[in-house]
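1. how would this look folded up:
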Amino acid sequence: MTLPDFFRSIRARLLLIALLLLLIPLIGYRFLQEMDRYLREGQQQVLTGAARLLSATLSDRPQLFVLNGAADDAGAEERRRLLALFSSADPEAAAGLGSAYLPSADIERMLSVVANSASRIWVVDAHSRVRGLSGSLKVSPPSAGRDPLGVATETSLGAKIYGVAVRPLVRAISPDAAGAAGEDPHDARRAVMLQVDRALVGEANLRWRSARTGSTEILSVAQPIWQGDNIVGAVVLEETTEGGQSIKSAALESLLASTMIVFAVGFVALIAFAWRLASRVRRLQSEADDAIDAHGRIRGDISGTDMRDEIGALSRTLNGTLLRLKRYNDYLEKMAARLSHELRTPVAVVRSSLDNLRVGEVGGNDRIYIERADEGVRRMSSLIARMSEASQLEGMLSSADRSVFDVAVVVSGCVEGYRLAYPQQSFQLDIDASAPMFVNGNADAIAQMLDKLIQNAVDFSTPGTVVRIALRSDGRSVMLTVENDGPLLPPAAATHLFVSMVSSRIEGSARGGHLGLGLYIVRLVTEFHGGRVSAKNRDSGSGVCFAVVLPRFTK
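-> Below is the predicted model:
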């Protein structure tokens, strides 16, 4: 098979569809990876810019970092009052700082303006004291009517189906960010102070760290705060990846929904393609079954197709095979007529020569040879007559007149003649006389058909046995059966028993030569009357039963 032929084949089409379906999740996975990278880089740039801006805002303002001496002596009660006053601070983080949390009202007022719900801002002076704390990294629980990602939920049927089918897959692949940013206050302070130490020596720095639970990460950016040429503190901005997780989850939901739609369309396409293939195969099977009848005779053909796939090639091959077999079968069926026509002249020449020799004076031995030759010519003439009988019958049936007749009368009359023609053979006739059995056809053809069946039964009967003829009717059809005791049919003989010039008898089991034309004539007459003929071995284990079923004529 060449490469272009392969791409037109059914296997190539199925392989192409499978590869297209496999590419969808790979492309989607690559898209999500690139989107996650872009989101992280964008978050870093935004948070770094915000930290620089806040650092510039706090720089060169010495009054912001002036520490009131009374604040050092303030006790826990004062710190609690400050925590209540500055409610924008993370309570757990502020409480974990203890005496290191010395907030400046001005600094925290400025921080509360820029802080948001997903970020936290630290301002630490050069003595590692927290002078400002605003915001929280904790995610608030979803409100009513919103999912854990903060997206408004829908109550329509389509949205519910979408939520049931898609969102569980998203939760399995990408866990929710809700509540995932929980972090121990001491761990948070330690991480912040590490960055503050680097910022206090003039090194701006950025760090990613994982939260204690969940898959959410925390981005932390530190920038020094300058007072002239001196560093008086550092500002640290922290932000979770909750926003990116929300976008990523939404994109994943969209990707999964699109993938499911594409897979559904691909599934429907594959089912339709397989259904079409199955229908083409069933149609090819039906045409092949209808093209050959029960006797192996080719009655039709297989419609070819222009499709270049395997099924199209198979249909064209079968069609060509049937055409060649049909021509060969026609040749076999007409061979008897051709042989009888071609042999008549040489047989006539031989017969006339023998007659001339018989008239002249011949010796005793010569006369014996002439008689033997004459016997052979007579036998050859009989065979030629049998061969021409089938072609004559076909011509007769093509122009025969139809009439309604009682087939029981024809059968009973023929059987009486058989008793005279075959005195050595016993016949048993069983006819259902409950009602007339009318058939629309040709009585002479039915008689000729019965002659062939009886001749076949007599030739293959065991001496001293009975040939049984029965005629029955079930109201819609008439069945004629002829049974004899004798040799059985060879296996699989019923498929070609009624074909012209075919004999399935065991050699030496019949009295008289057989060319395989008698049962062929039986089939021709049966088909002319719209019936069917079959043969099978008897259940007793000896002999054969021939059954002819003809449609019964009803007024």
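
2. may I ask which helix or strand of the chain has the lowest mean pLDDT?
-> Counting by mean pLDDT, DSSP states H and E, the chain has its least confident helix or strand at helix 69-73, which shows a mean of 46.

3. poorly predicted segments of the stretch 1-150 of the chain, please.
-> 1-9, 67-96, 98, 117-118, 139-150 (pLDDT under 70).

4. now do the strands in it.
-> 119-125, 130-135 (DSSP state E, counting those that start in this stretch).

5. out of the ones you listed, which gets nearest to Asp330?
-> Nearest to Asp330 among these is strand 119-125 (93.7 Å), distances taken as Cβ to Cβ. No exception for glycine: its C-beta is placed from N, CA and C like everyone else's.

6. and that closest one, C-alpha only, in PDB?
-> Only the C-alpha atoms of strand 119-125 are listed here, as PDB (Å, rounded to 0.1, in the frame of the first residue of the first chain):
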ATOM      1  CA  SER A 119      -1.800  41.400  50.800                       C
ATOM      2  CA  ARG A 120       0.000  42.300  53.900                       C
ATOM      3  CA  ILE A 121       2.400  45.200  54.500                       C
ATOM      4  CA  TRP A 122       5.200  45.400  57.100                       C
ATOM      5  CA  VAL A 123       7.200  48.500  57.900                       C
ATOM      6  CA  VAL A 124      10.200  47.700  60.100                       C
ATOM      7  CA  ASP A 125      12.700  50.200  61.500                       C
END
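
7. just to revisit the earlier point, and the strands of the stretch 1-150 of the chain as a markdown table, adding distance to Ile17?
-> Formatted as a markdown table, the strands of the stretch 1-150 of the chain follow (distance: least, Cβ to Cβ, whole Å):
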| stretch | distance to Ile17 |
| --- | --- |
| strand 119-125 | 48 |
| strand 130-135 | 52 |
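
8. to Arg472, which of those strands lies closest?
-> Of all the strands of the stretch 1-150 of the chain, strand 119-125 sits nearest to Arg472, with 100.5 Å by Cβ to Cβ.

9. one step back: quick check: which of the strands of the stretch 1-150 of the chain is nearest to Ala535?
-> Nearest to Ala535, of the strands of the stretch 1-150 of the chain and by Cβ to Cβ, is strand 119-125 at 96.4 Å.

10. shouldn't Thr526 be within a helix?
-> Yes - assessed by DSSP: H, G, I helix; E, B strand; the rest coil, Thr526 belongs to a helix.

11. residue contacts, it?
-> When contacts are counted by Cβ atoms under 8 Å, 6 or more residues apart in numbering, Thr526 touches 449, 532-533, 548, 550.

12. can you show me the helices along the stretch 351-500 of the chain?
-> Assigned by DSSP state H, counting those that start in this stretch, the stretch 351-500 of the chain shows helices spanning 364-398, 407-421, 443-459.

13. of all those, which lies closest to Tyr328?
-> Closest to Tyr328 of the helices of the stretch 351-500 of the chain, according to Cβ to Cβ: helix 364-398, at 17.4 Å.

14. tell me how far the closest one is from the chain's mean position?
-> Here the centre of helix 364-398 is set off from its chain's centre by 62 Å, with Cα atoms, centre = their mean, to the nearest Å.

15. by contact count, what packs against it?
-> Applying 3 or more Cβ pairs under 8 Å, 6 or more residues apart in numbering; DSSP states H and E, one finds that helix 364-398 makes contact with helix 310-359, helix 443-459, helix 518-528.

16. tell me the average confidence for it?
-> In this model, helix 364-398 has a mean pLDDT of 73.

17. returning to what we had before: so for Gly441, which of the strands of the stretch 1-150 of the chain sits nearest?
-> strand 119-125 (102.2 Å).

18. what residues does that closest one touch?
-> 47, 54, 58, 65, 67, 90, 93, 104, 107, 111, 114-115, 130-137, 192-193, 196, 225, 232-240.

19. before we move on, back to that, format the strands of the stretch 1-150 of the chain as JSON lines; extra columns: mean neighbour count and distance to Val458.
-> Listed next are the strands of the stretch 1-150 of the chain as JSON lines, based on neighbours: other Cβ atoms under 10 Å; distance: least, Cβ to Cβ, whole Å:
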{"stretch": "strand 119-125", "mean neighbour count": "25", "distance to Val458": "112"}
{"stretch": "strand 130-135", "mean neighbour count": "26", "distance to Val458": "115"}
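
20. between these, which one is nearest to Ala291?
-> Of all the strands of the stretch 1-150 of the chain, strand 119-125 comes closest under Cβ to Cβ, at 80.9 Å.

21. how far off centre is that closest one?
-> 64 Å.

22. which one of the helices of the stretch 351-500 of the chain is the most hemmed in?
-> Mean neighbour count, computed with mean count of other Cβ atoms under 10 Å, is highest for helix 443-459 among the helices of the stretch 351-500 of the chain, reaching a mean of 20.

23. element containing the residue nearest the centre of the chain, please.
-> Nearest to the geometric centre of the chain sits Ala274, at 4.2 Å (Cα atoms, centre = their mean). According to DSSP states H and E, Ala274 maps onto helix 242-291.

24. run the angle between that helix and helix 310-359 for me.
-> 10 degrees (axes from the mean of the first three to the mean of the last three Cα atoms, to 10 degrees).

25. by how many degrees do helix 242-291 and strand 119-125 diverge?
-> Interaxial angle, helix 242-291 versus strand 119-125 (the same axes, to 10 degrees): 150 degrees.

26. give the other helices and strands that helix 242-291 contacts.
-> Packed next to helix 242-291, using 3+ Cβ pairs under 8 Å, 6+ apart, are helix 10-58, helix 167-173, helix 310-359.

27. switch to 10 Å and redo it
-> The contact analysis (3 or more Cβ pairs under 10 Å, 6 or more residues apart in numbering; DSSP states H and E) places helix 242-291 against helix 10-58, helix 157-165, helix 167-173, strand 217-227, helix 310-359.

28. now the shortest one: average pLDDT?
-> With pLDDT averaged residue by residue, helix 167-173 scores 56.

29. same question for the fourth one.
-> Averaging pLDDT along strand 217-227 gives 91.

30. alpha carbons of it, as PDB, please.
-> The C-alpha coordinates for strand 217-227 follow below in PDB (Å, rounded to 0.1, in the frame of the first residue of the first chain):
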ATOM      1  CA  GLU A 217       2.300  30.300  47.700                       C
ATOM      2  CA  ILE A 218       3.300  33.700  49.200                       C
ATOM      3  CA  LEU A 219       5.300  36.300  47.400                       C
ATOM      4  CA  SER A 220       7.300  38.700  49.600                       C
ATOM      5  CA  VAL A 221       9.200  41.800  48.300                       C
ATOM      6  CA  ALA A 222      11.400  43.900  50.600                       C
ATOM      7  CA  GLN A 223      12.700  47.500  49.800                       C
ATOM      8  CA  PRO A 224      14.800  49.700  52.000                       C
ATOM      9  CA  ILE A 225      13.500  53.000  53.400                       C
ATOM     10  CA  TRP A 226      16.100  55.800  53.100                       C
ATOM     11  CA  GLN A 227      16.700  58.900  55.100                       C
END
